[in-house]
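In: take this sequence and fold it.
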Amino acid sequence: MLYTCMKLFSAILCALPYRLQYGIGYLLGQLGWLFTPSNRKRLAIGQILFCRITDDPVEAKRIAKASVTRFGRMIVDVLRYPEIKDGKYKEMFTMEGREYLESAKEDGKGAIIIALHSGNWELLGGILASEGYPLISVAMQQQGDADKFINEYRELMKQHVTYKTGVREMVKELQQGSFIGLIMDQDPGDKGQLVPFFGYETLTPVGPAAMARMQDVPIIPTTIRFNEYTEKHEITVHPPVYAEKTEDRKRDIAVTLTMLNEWLEDYIRRYPEDWFWLHNRWKWTRRFYGDTIEVPPDVMNQKL
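Out: Model prediction:
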């Protein structure tokens, strides 16, 4: 039922004028904030304060709301895939730093593309794949019809998705020259490694650093951000990072992860409204090492 409804909604949306499409996206975003549970809103606001993005609870609430309402446009972008898949997507973006991807493609050794839950990361994968880069996106499996729908739409944009999570399995893909796409800003659970993030020792996914060290391939940070003035998604391919490689594997991974977290933190600080603050980023770190996010009473008491 969900699959059929989403397909129908997509078909109707693709038949509408551009302005109306994103007007609907705006309404979806506002409804998204309205129906976000209060405990999740408080988590987002608390994490913004915890990370010292601001010390003003009112500003933290504004950032949290913006980070949720932007999902309306993201949803519309994905639902438009049948309309944009044959080349119209090229009108939607600019790309800076493409030479880093081209160099890695020509080298043929593969690369690790790291992104974060900022901007429309789903569209980013679709654009890179449609532009001819050998991208394999590592994703979490969704429930039932949602998984069927999103994977069908990813295929429209020539995107290949795998649920493989084993490092060595993904290394095999690298050996064939593939680009492994990883989003590394979420809580990895008990499998992460402690390195600094926003001033706190934080469990961090080891996959990008471990694979880059094992296979001697570049880690290429890539971001996407919607520019409201040009009405285009700005893709930035950042200079490659290379993993440390000495006889001390754990130390090498920690050094590399620290560099990557510094890059993530800098980007999030510059564009805090774009990041996914609803995710409980320090959940497992606190389970193992204590501490809590302290939300000031004025946030707890204000209407969310």
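In: what's the burial count for N120?
Out: For N120, the neighbour count with other Cβ atoms under 10 Å is 24. C-beta here means a position set from N, CA and C on the backbone, and glycine is covered the same way.
In: distance check, it against I127.
Out: 9 Å (Cβ to Cβ, to the nearest Å).
In: can you give me the strands for the chain?
Out: For the chain, the strands defined by DSSP state E occupy 93-96, 111-115, 135-138, 160-162, 179-183, 193-197, 200-204, 219-227, 232-237.
In: most tightly packed of those?
Out: Mean neighbour count (mean count of other Cβ atoms under 10 Å) peaks for strand 111-115 among these, with a mean of 26.
In: any weak-confidence spans in the protein?
Out: Within the chain, the stretches with pLDDT under 70 are 164-168, 291-304.
In: report the angle between the top helix by length along it and strand 193-197.
Out: Of all segments of type helix in the chain, defined using DSSP state H, the longest is helix 249-270. Going by axes from the mean of the first three to the mean of the last three Cα atoms, to 10 degrees, helix 249-270 is angled at 30 degrees with respect to strand 193-197.
In: and helix 249-270, what other elements does it pack with?
Out: Helices and strands touching helix 249-270, by 3 or more Cβ pairs under 8 Å, 6 or more residues apart in numbering; DSSP states H and E, are strand 193-197, strand 200-204, helix 207-215, strand 219-227.
In: for the closest residue to D252 other than its chain neighbours, grab phi and psi.
Out: Closest residue in space to D252, ignoring its immediate chain neighbours: E244 at 4.0 Å, by Cβ to Cβ, 6 or more residues apart in numbering. Here is the backbone geometry of E244 (degrees, to the nearest 10): phi -60, psi 150.
In: just checking, E244 touches R213?
Out: Yes. With contact defined as Cβ atoms under 8 Å, E244 reaches R213; the gap is 7.0 Å.
In: which one's more surrounded, those two?
Out: When neighbours are counted by other Cβ under 10 Å, E244 and R213 differ, and R213 comes out ahead with 21 against 18.
In: excluding covalently adjacent residues, which one is nearest to Q159?
Out: A129 is the one closest to Q159 (Cβ to Cβ, 6+ apart), at 4.1 Å.
In: now that neighbour: how far from L182?
Out: Here A129 is placed at a distance of 15 Å from L182 (Cβ to Cβ).
In: equivalent analysis for K245, please.
Out: As judged by Cβ to Cβ, K245 and L182 stand 19 Å apart.
In: could you do L16 as well?
Out: For L16, the distance to L182 (Cβ to Cβ) stands at 35 Å.
In: same check, this time on Y153
Out: For Y153 relative to L182 (Cβ to Cβ), the value is 20 Å.
In: again with L20
Out: Look at L20 and L182: by Cβ to Cβ, they are 36 Å apart.
In: same question, Q142
Out: Going from Q142 to L182 by Cβ to Cβ gives 18 Å.
In: centroid residue for the chain?
Out: Closest to where the C-alpha atoms of the chain average out (Cα atoms, centre = their mean) is H117, at 2.4 Å.
In: dihedrals phi and psi, the nearest residue to that residue once chain neighbours are set aside?
Out: Distances taken as Cβ to Cβ, 6+ apart place F276 nearest to H117, at 3.8 Å, with adjacent residues excluded. Dihedral pair for F276: phi -90, psi 80, per degrees, to the nearest 10.
In: tally of neighbours for the spatially closest residue to P134 that is not a sequence neighbour?
Out: Among residues not flanking P134 along the chain, S178 sits closest, at 4.8 Å (Cβ to Cβ, 6+ apart). By the criterion of other Cβ under 10 Å, S178 has 19 neighbours.
In: same question, A60
Out: By other Cβ under 10 Å, 25 other residues sit near A60.
In: who's in contact with it?
Out: By Cβ atoms under 8 Å, 6 or more residues apart in numbering, A60 lies in contact with 45, 48-49, 53-54, 299.
In: do the same with A64
Out: By Cβ under 8 Å, 6+ apart, the residues touching A64 are 41, 44-45, 48, 277-278.
In: export those residues as JSON lines, with columns for distance to D107.
Out: Converted to JSON lines, these look like this (distance: Cβ to Cβ, whole Å):
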{"residue": "K41", "distance to D107": "45"}
{"residue": "A44", "distance to D107": "40"}
{"residue": "I45", "distance to D107": "44"}
{"residue": "I48", "distance to D107": "40"}
{"residue": "W277", "distance to D107": "37"}
{"residue": "L278", "distance to D107": "38"}
